[in-house]
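[1] Structure, please.
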Amino acid sequence: MKIYIITLLFSFPAWILIHWGMGLEEAEVINEFFYWGLTLLIIGASFYIGQTGFPQIFFGSKRLSQLIVPRS
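    So this is what the prediction gives:
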């Protein structure tokens with residue numbers, strides 16, 4: 001719960017500084033935050049998927065061959 005409060009405390013001043021300091025319209029600021037949020041979400045999801053070991057199924061030729069043609 002503390003992280004949400006800290007995030008809100010930092011996001012509102014950042015919003016005001018960007019809005020006033022750069023002279024952007026509100027829609028432009030929202031679009032920029034959305035763009036960077038999606039970018040960071042994709043990067044974070046890529047790291048998470050890499051840590052789970054899921055890509056090893058496709059890069060390990062021996063494992064891949066065992067999945068395609070199982071041996072008894």
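
[2] what about residue 32, how many neighbours?
    13 (other C-beta atoms under 10 Å). All C-beta atoms are positioned from the backbone trio N, CA, C, and that covers glycine.

[3] which helices and strands does the host helix or strand of it pack with?
    Using DSSP states H and E, residue 32 maps to helix 26-52. The contact analysis (3 or more C-beta pairs under 8 Å, 6 or more residues apart in numbering; DSSP states H and E) places helix 26-52 against helix 2-21.

[4] for the helix it packs on, which positions count as buried?
    By 16 or more other C-beta atoms under 10 Å, helix 2-21 has no buried positions at all.

[5] Could you tell me the angle between that helix and helix 26-52?
    Angle, helix 2-21 to helix 26-52, by axes from the mean of the first three to the mean of the last three C-alpha atoms, to 10 degrees: 140 degrees.

[6] Find the least confident helix or strand in this protein, judged by mean pLDDT.
    Ranked by mean pLDDT, DSSP states H and E, the weakest helix or strand in the chain is helix 61-68, scoring a mean of 60.

[7] Show me the residue at the heart of this protein, geometrically.
    residue 41 (1.5 Å; C-alpha atoms, centre = their mean).

[8] Let me see the contact set for that one.
    For residue 41, no contacting residues are found, by C-beta atoms under 8 Å, 6 or more residues apart in numbering.

[9] So for the helix holding residue 32, what gets flagged as buried?
    By neighbour count on 16+ other C-beta under 10 Å, the buried set for helix 26-52 is residue 29.

[10] what about residue 54, which SS state?
    Secondary structure for residue 54, judged by DSSP: H, G, I helix; E, B strand; the rest coil, is coil.

[11] And the pLDDT for it?
    With respect to pLDDT, residue 54 has a value of 78.

[12] That one: neighbouring residues, count only.
    The number of residues near residue 54, taken as other C-beta under 10 Å, comes to 10.
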